[in-house]
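>>> my questions concern the predicted model and sequence given below.
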Amino acid sequence: MRFPSLCCFALLAAGARGDVQLAPIFTDHTVLQRGQPLPIWGRAAAGETISVSFHDQTAHTTADANGRWSVRLKPFPAHLDPAEFTVTGVNTITLRDVLVGDVWLASGQSNMEWPVNLTRDAEKEMAAANFPLIRHLKIEHASSPTLGESVKTTGWQPASPETVGGFTAVGYFFAREIHQKLGVPVGIIHGSWGGTAIESWLSEPARSSTSLATTLAARWQKSLVEWPPERVARYPADMAAWKKADADAKAAHAKNLMVWPQPPATDDSPALPGGPFNAMIAPLQPVALRGVLWYQGESNVERAGEYAELFSTLIRTWRADWERRELPFYFVQIPNYADGDAHGRAWARLREAQAKALELTSTGMAVAIDLGEAENLHPLNKQDVGHRLALVALAKTYDRADEWSGPQFGRAVREGAAMRVQFQHSEGLIARDGPVQSLELAGADEVFYPASGAIERETLLVSSPAVPKPVAVRYAWSNAPTANLTNRAGLPAAPFRSDAW
């Protein structure tokens, strides 16, 4: 694993000149990744001798001419008992209550950022959060046109009733299940930002490597023209008005009808292509990770045709940045949301684009098509989202044998006036609460009609009187479908279509 370059240092701003400093992702209560070499880095006076000690290891180095230093500790097994971690130069830094377990990076937009204190049964969840071996590190929002050298963090926090309310809910519920199943410490490094599109999380080289590089650059230039200084100056007032309208609507149990004000096109905007990546992700490298959790896509629905390429590029380039070709990357498929038209197709197309990332190795998708709220962009049930991500990780990363996926479309074959659909992960195929919903059939005219389905063992026979010669079948292929097809494990079938129209 490479050590950090100049642009990849996350450094403490405080400290006297010459004092040895640690990257701010290393604080009291840190969780370090088990079973991997551990890069540790920071700053000091040029030429200063540095030693890093943890458990039975001590590593030595010398700060370079620019004051940068880094060491790499040999892998440790999991350590549940907290220990001190010391860094010594002209001064000594002692980190207390440091554990060794599994560290996951959680990123994306608002549904990843959504905190525990706003979830379903929030008070109950917070009161029960006595998990000192689960830790959370929040990376504060930042955006930059160039690769950053620092991040601001909350410091690592153990999960307790007093702290867990501010944790990423999806990340916390994932960590809780992994910890309870494996008994090891789990750390979540949380760097997400509501409202961000995927291009915000792509480095400049990553964007340039895609066929969409010119399109993305032109779109940003258009945004700059649309945001003259006077409009930028109005933005804080516009956002304050929206927040007041939102609070008033919630108090009245109504919907906020005011349009959310998009952030201005500035160098510190979350909409800046690559901006959040530069300031929030690049400075974390090369911290040792078990894997990445990703929940994003809502802000790209209107441009779903771009998403498959951009998402696969993000996964590949983040892996390259960490020099881990098989770095586990598990993501949430966006749930059902009406978006003004429950029967529209835009959200279905984005879900399909997300699923194409499964063609990459060491990826996995948690299906949430049945967990959304048609009129709420931020569904409150984050418990099941975290649970389904944990099932994927337990199977793919930790080699647990339990079922981790709902039925996945295999193929559709015509049988007379019907289409027979075959699946993977379809043992005990059932429909919850009545017949299978949200099925459609089309003939050669490419016009779809509602259809019905008969479950026969682990296949689905789909027919419609309006389509005597079917050639294509779809399931849950709309913005906010009723999705009730599951397997015996209770995991939902992923939306699918057999056509490419």
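Great, that's in hand. Keep in mind the model is a prediction, meaning the values are calculated, not measured. Residues are numbered from 1 along each chain as shown.
>>> shaky segments in this protein?
For the chain, the stretches with pLDDT under 70 are 1-17.
>>> one more time with 50
Applying pLDDT under 50 to the chain flags residues 1-16.
>>> quick one, longest strand in it?
strand 92-108 (DSSP state E).
>>> tell me how far the next helix or strand after that one lies from the chain's centre.
Of the helices and strands lying after strand 92-108 in sequence (DSSP states H and E), the nearest is helix 110-113. Taking CA atoms, centre = their mean, to the nearest Å, the mean C-alpha location of helix 110-113 is offset from the chain mean by 8 Å.
>>> and helix 110-113, what does it pack against?
helix 169-182, strand 186-192, strand 291-295 (3 or more CB pairs under 8 Å, 6 or more residues apart in numbering; DSSP states H and E). (Each C-beta comes from the backbone N, C-alpha and C, glycine too.)
>>> any idea which of the ones you listed gets closest to residue 99?
strand 186-192 (7.7 Å; CB to CB).
>>> direction included, what does that closest one pair against?
When sheet partners are counted by DSSP bridges, strand 186-192 sits next to strand 92-108 (parallel), strand 131-138 (parallel).
>>> then the shortest one to CSV, C-alphas only?
Coordinates of the C-alpha atoms in strand 131-138 are reproduced here as CSV (Å, rounded to 0.1, in the frame of the first residue of the first chain):
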residue,chain,number,x,y,z
PHE,A,131,-22.0,-0.4,22.3
PRO,A,132,-18.6,0.9,23.4
LEU,A,133,-16.9,-1.3,20.7
ILE,A,134,-18.8,0.5,17.9
ARG,A,135,-17.2,3.8,17.0
HIS,A,136,-18.1,6.6,14.6
LEU,A,137,-15.8,9.3,13.0
LYS,A,138,-17.7,12.1,11.2
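>>> I figured residue 375 was touching residue 336, is that so?
No - applying CB atoms under 8 Å as the test, residue 375 and residue 336 come out as separate, 10.6 Å apart.
>>> neighbour count for those two, which is higher?
Using other CB atoms under 10 Å as the criterion, residue 375 and residue 336 rank with residue 336 on top: 26 against 12.
>>> name the element the more buried one belongs to?
Using DSSP H and E, no helix or strand contains residue 336.
>>> tell me how far it lies from residue 347.
8 Å (CB to CB, to the nearest Å).
>>> which residues are common contacts for the two?
479-480 (CB atoms under 8 Å, 6 or more residues apart in numbering).
>>> name the next helix or strand downstream of the helix or strand harbouring residue 387, please.
For residue 387, the host element (DSSP H and E) is helix 383-396. Following helix 383-396 in sequence order, the next helix or strand is strand 408-415 (DSSP H and E).
>>> give the pairing partners of that following strand; include direction for each.
strand 418-424 (antiparallel).
>>> next structured bit after the partner strand?
According to DSSP H and E, the helix or strand after strand 418-424 is strand 430-431.
>>> so which elements touch that following strand?
So strand 430-431, by 3+ CB pairs under 8 Å, 6+ apart, packs with strand 448-456, strand 485-486.
>>> do you have the strands of the stretch 1-150 of the chain handy? List them.
21-22, 31-33, 38-43, 49-54, 57-62, 68-73, 79-88, 92-108, 131-138 (DSSP state E, counting those that start in this stretch).
>>> give me the angle between the helix holding residue 387 and strand 291-295.
Using axes from the mean of the first three to the mean of the last three CA atoms, to 10 degrees, the inter-axis angle of helix 383-396 relative to strand 291-295 is 150 degrees.
>>> which other residues reach helix 383-396?
Here helix 383-396 makes contact (CB under 8 Å, 6+ apart) with 111, 119-121, 125, 169-178, 181, 291, 293, 295, 328, 330, 332, 362, 364-368, 371, 400-405, 491.
>>> just the buried ones among those, please.
111, 119, 125, 169-178, 291, 293, 295, 328, 330, 332, 362, 364-368, 371, 403-405, 491 (16 or more other CB atoms under 10 Å).
>>> what's the burial count for residue 224?
By other CB under 10 Å, 11 other residues sit near residue 224.
>>> can you pull the contacts of the spatially closest residue to it that is not a sequence neighbour?
Spatial nearest neighbour of residue 224, chain neighbours left out: residue 265 (4.9 Å); criterion: CB to CB, 6 or more residues apart in numbering. When contacts are counted by CB under 8 Å, 6+ apart, residue 265 touches 220, 223-224, 226-227, 271-272.
>>> among the residues you listed, name the ones in helices.
220, 223-224, 226 (DSSP state H).
>>> distance to residue 358 added to those, as CSV?
Formatted as CSV, the ones in helices among the contacts of residue 265 follow (distance: CB to CB, whole Å):
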residue, distance to residue 358
220, 30
223, 32
224, 36
226, 36
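>>> got a ChimeraX select line for the buried ones in those residues?
If you want just the buried ones from the ones in helices among the contacts of residue 265 in ChimeraX, going by 16+ other CB under 10 Å, the selection is:
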select :220,223
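>>> which parts of the stretch 201-350 of the chain are strands?
Going by DSSP E, counting those that start in this stretch, the stretch 201-350 of the chain shows strands at 291-295, 329-333.
>>> any chance of JSON lines for those, columns distance to residue 146?
Formatted as JSON lines, those follow (distance: least, CB to CB, whole Å):
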{"stretch": "strand 291-295", "distance to residue 146": "23"}
{"stretch": "strand 329-333", "distance to residue 146": "25"}
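>>> nearest to residue 54, out of those strands?
Nearest of the strands of the stretch 201-350 of the chain (CB to CB): strand 291-295, 22.7 Å.
>>> give me the angle between that closest one and helix 169-182.
Going by the same axes, to 10 degrees, strand 291-295 makes 140 degrees with helix 169-182.
>>> contacts only, for residue 462.
With CB under 8 Å, 6+ apart, residue 462 has these contacts: 412, 418-421, 439, 441, 451-453, 470, 473.
>>> which of the residues you listed sit farthest apart?
Maximum distance among these (CB to CB): 15.2 Å, for 412 and 452.
>>> can you pull the contacts of the residue nearest to residue 422 when sequence neighbours are not counted?
With sequence-adjacent residues excluded and distances taken as CB to CB, 6+ apart, residue 422 is closest to residue 410, at 4.3 Å. Residue 410 makes contacts with 421-424, as judged by CB under 8 Å, 6+ apart.
>>> compare these and tell me which is most surrounded.
With neighbours defined as other CB under 10 Å, the most crowded of the contacts of residue 410 is residue 421; it has 25 neighbours.
>>> tell me the bridge partners for that residue.
residue 412, residue 460.
>>> against residue 338, how distant is residue 283?
38 Å.
>>> and these two? Which one has more around it.
It is residue 283, of residue 283 and residue 338, that has more neighbours when counted by other CB under 10 Å, with 26 against 18.
>>> quick check: bridge partners of the most centrally placed residue in the chain?
Centroid-nearest residue in the chain, with CA atoms, centre = their mean: residue 294, separated by 1.6 Å. Counting by DSSP bridges, residue 294 forms beta bridges with residue 107, residue 331.
>>> so between residue 412 and residue 452, which is more surrounded?
The neighbour comparison of residue 412 against residue 452 (other CB under 10 Å) goes to residue 412, with 24 against 15.
>>> just to revisit the earlier point, mind listing what's buried in the longest strand of the chain?
Quick answer for strand 92-108 (16+ other CB under 10 Å): 93, 95, 97-108.
>>> one more: stretch 205-217?
206-207, 210, 212, 216.
>>> neighbouring contacts of that stretch?
Taking CB under 8 Å, 6+ apart as the rule, stretch 205-217 contacts 199, 273-274, 306, 309-310, 313-314, 317.
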